[in-house]
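> Any chance you could fold what I've pasted below:
(one chain, ligands or ions: 1)
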Amino acid sequence: MNTDVLIIGAGAAGLMAARELAVKGKKVIVLEAQDRIGGRIHTIYENGKVIELGAEFVHGDLPVTLNLLKESGIKYHSASASMWRYDNGKFTTTEVFIDHWDEFIDKLNKLEQDTSIHDFIETEFPGDKYIELRESVRQFVSGYDTANPKNASSFALRKEWQSEDENAQHRIEGGYIKLLSYLATECEANGGQMKLNSAVKDIYWEPGKVSAIAVDGITYHAERAIIAIPLGVLQTDAVTKGTIVFHPLVKEQQDAIHQMGFGAVIKILIDFNEAFWENVQTDDGKSLRDMGYLFSQEEIPTWWSQFPERSTVFTGWVGGPDAWAKKDATDDELLAESLQSIANIFKKDIDELQSQIRSWHVINWTSRPFIQGSYAYDTVEAPFARKTLNTSVNDTVFFAGEYLYEGPAMGTVEAALTSGKNVAEKIR
Ligand SMILES: Cc1cc2nc3c(=O)[nH]c(=O)nc-3n(C[C@H](O)[C@H](O)[C@H](O)COP(=O)(O)OP(=O)(O)OC[C@H]3O[C@@H](n4cnc5c(N)ncnc54)[C@H](O)[C@@H]3O)c2cc1C
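The predicted structure is shown next:
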């Protein structure tokens, strides 16, 4: 089968590139390994509710995402909500960060030579005085960025923290997948083709010519290919997990791929018969009725509600090294840990909680074939590696994905859409 451009991977980056190129008049074929588009965007509908198994929030007023929402007429609403902590048996509405945070940011802003955030904080904030600060930074980097603090770049985190606007979080009405379905429809309306269940295992290339062989044995030919599969897949060498073998090898790019960081995450969604947390009163008489996010020290530490929407869905999250350590746990084990964590926080009987479950989902993204993790984070070497990967191989093989984005919203859908848009602009 012949086309102008082959796009491997129908996530946000691949579909954005496909839409842009199809609109420009290029013939495109998108080859997707799974039986659905979306990749790390995976919306399902259950009990009349939108359930986001993957990406859920628009983290800020992010230009490419918001423009696309406007263009497609898809509505979104604020997801900003109060943050709570549960520590040592007490709920508090403090900021996520604690004592010495300003001192920490001040020193971080003055840092001249990049180093891992772990090394930075151990060197600059040693001793008992800063125990809580160190633990909070570790929790934030592994929880939010799903990164390993021992590898994560201090410069990149500084950039992210400087530009973050906690007040501007949004959810897309009807779910994130609406945005990707819009891109896929636009692509097809302009002559593009989508092939699902078409995992690519080999790419043969020479300047101006690419052949991609899918697992079903079909070979696709094109002048150029965009590889829009996750960094985690590119980092594995197992074809069963989705990786692609290049012939000849693209050595420089492969080295760069291994210099970048890819995180780990497990997301748990439990739909209970009632939103029991809404009825909880804290010791100092405050109500958790409008609670958005809850951070704790439990095995599954982070939880959130669907506030401002009144919903019975409670979402759990564990990221970074702790999620990596649970990569081989079964869904039942992870559900049990989730219920234990909720039971500890809300002083509930675990059997009673179990009996209140209407439906549940555990998505261990790190063990999923064709995904292999959460999203990218910057290592100290990442800026150089990204430059290599953002340069085409002989104007023939291109890479795209959230990990190739240069801006502050790293690891997001915005990052993936931007990368897809940028790569499409490079193809004439
Ligand atoms: C649990 C979770 C929660 C998240 N929450 C948010 C959030 O709230 N907000 C936010 O902005 N971002 C969030 N993210 C990050 C966001 O989802 C990603 O950054 C973004 O969707 C990545 O898009 P992508 O196109 O780069 O990759 P992907 O979406 O992973 O797409 C890559 C595609 O390539 C396919 N593929 C893999 N191997 C092959 C192969 N060999 N042949 C063919 N196809 C292949 C995969 O099946 C996949 O469909 C979250 C991610 C996770 C995992």
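> Tell me which residue lies nearest the centroid of the protein.
Centroid check for the chain by C-alpha atoms, centre = their mean gives Tyr375 as the closest residue, at 4.3 Å.
> Who are the contact partners of that one?
Contact partners of Tyr375, counting by C-beta atoms under 8 Å, 6 or more residues apart in numbering, are 40, 146, 262-263, 265, 402-403, 410-412, 415. (Glycine included, C-beta is placed from N, CA and C.)
> Grab the nearest non-local neighbour of it.
Excluding its sequence neighbours, the residue lying closest to Tyr375 (C-beta to C-beta, 6 or more residues apart in numbering) is Gly411, at 3.5 Å.
> for the one you found, phi and psi?
When read as degrees, to the nearest 10, the backbone of Gly411 gives phi 80, psi 10.
> Tell me the one of the contacts of Tyr375 nearest Asn197?
Checking the contacts of Tyr375 against Asn197 with C-beta to C-beta, the nearest one is Arg40 at 18.2 Å.
> Dump whichever strand or helix holds Val64 to CSV, restricted to CA.
Here Val64 sits within helix 63-72, counting by DSSP states H and E. Extracted C-alpha coordinates of helix 63-72, given in CSV (Å, rounded to 0.1, in the frame of the first residue of the first chain):
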residue,chain,number,x,y,z
PRO,A,63,-2.9,27.3,23.6
VAL,A,64,-2.9,24.4,21.2
THR,A,65,-5.4,22.4,23.2
LEU,A,66,-7.7,25.4,23.8
ASN,A,67,-7.6,26.5,20.2
LEU,A,68,-8.5,23.0,19.1
LEU,A,69,-11.4,22.9,21.6
LYS,A,70,-12.6,26.2,20.2
GLU,A,71,-12.2,25.1,16.6
SER,A,72,-14.1,21.9,17.2
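> residue ranges with poor pLDDT in this structure?
94-97, 164-167 (pLDDT under 70).
> Helices of that one, start to end?
12-23, 63-72, 101-110, 117-124, 131-143, 154-163, 177-189, 231-235, 251-258, 321-325, 331-346, 350-355, 382-389, 413-426 (DSSP state H).
> deepest of those helices, which one?
helix 12-23 (a mean of 28; mean count of other C-beta atoms under 10 Å).
> picking that back up, mind putting the helices of the chain in CSV, distance to Asn279 included?
Shown next, in CSV, are the helices of the chain (distance: least, C-beta to C-beta, whole Å):
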stretch, distance to Asn279
helix 12-23, 38
helix 63-72, 35
helix 101-110, 32
helix 117-124, 39
helix 131-143, 26
helix 154-163, 35
helix 177-189, 32
helix 231-235, 40
helix 251-258, 49
helix 321-325, 30
helix 331-346, 10
helix 350-355, 14
helix 382-389, 45
helix 413-426, 34
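> Now render those helices as JSON lines, adding distance to the ligand.
What follows is these, written out as JSON lines (distance: least, C-beta to the nearest ligand atom, whole Å):
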{"stretch": "helix 12-23", "distance to the ligand": "3"}
{"stretch": "helix 63-72", "distance to the ligand": "8"}
{"stretch": "helix 101-110", "distance to the ligand": "23"}
{"stretch": "helix 117-124", "distance to the ligand": "20"}
{"stretch": "helix 131-143", "distance to the ligand": "12"}
{"stretch": "helix 154-163", "distance to the ligand": "13"}
{"stretch": "helix 177-189", "distance to the ligand": "9"}
{"stretch": "helix 231-235", "distance to the ligand": "5"}
{"stretch": "helix 251-258", "distance to the ligand": "13"}
{"stretch": "helix 321-325", "distance to the ligand": "10"}
{"stretch": "helix 331-346", "distance to the ligand": "13"}
{"stretch": "helix 350-355", "distance to the ligand": "23"}
{"stretch": "helix 382-389", "distance to the ligand": "12"}
{"stretch": "helix 413-426", "distance to the ligand": "3"}
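> Out of the ones you listed, which is closest to Gly285?
helix 331-346 (16.8 Å).
> Work out the gap between the closest one and the centre of the chain.
Distance, stretch centre to chain centre, for helix 331-346: 23 Å (C-alpha atoms, centre = their mean, to the nearest Å).
> Stretch 162-182 too?
Taking C-alpha atoms, centre = their mean, the mean C-alpha location of stretch 162-182 is offset from the chain mean by 12 Å.
> Now the terminal residues of it, how far apart.
In stretch 162-182, first residue to last residue: 32 Å (C-alpha to C-alpha, to the nearest Å).
> contacts for that stretch?
10-12, 15, 37-38, 41-43, 45, 50, 52, 54-61, 65, 68-69, 72, 74-81, 306, 408-409, 413.
> Show the buried residues in the residues you listed.
10-12, 15, 37-38, 41-43, 50, 52, 54-60, 65, 68-69, 74, 76, 79-81, 306, 408-409, 413 (16 or more other C-beta atoms under 10 Å).
> Next one: the residue in the stretch 201-350 of the chain positioned nearest to the ligand relative to Ala199, how far apart?
Of all residues in the stretch 201-350 of the chain, Gly242 sits closest to the ligand, at 3.3 Å by C-beta to the nearest ligand atom. Plainly put, Gly242 is 6 Å away from Ala199 if you go by C-beta to C-beta, to the nearest Å.
> what does Ile257 give?
18 Å.
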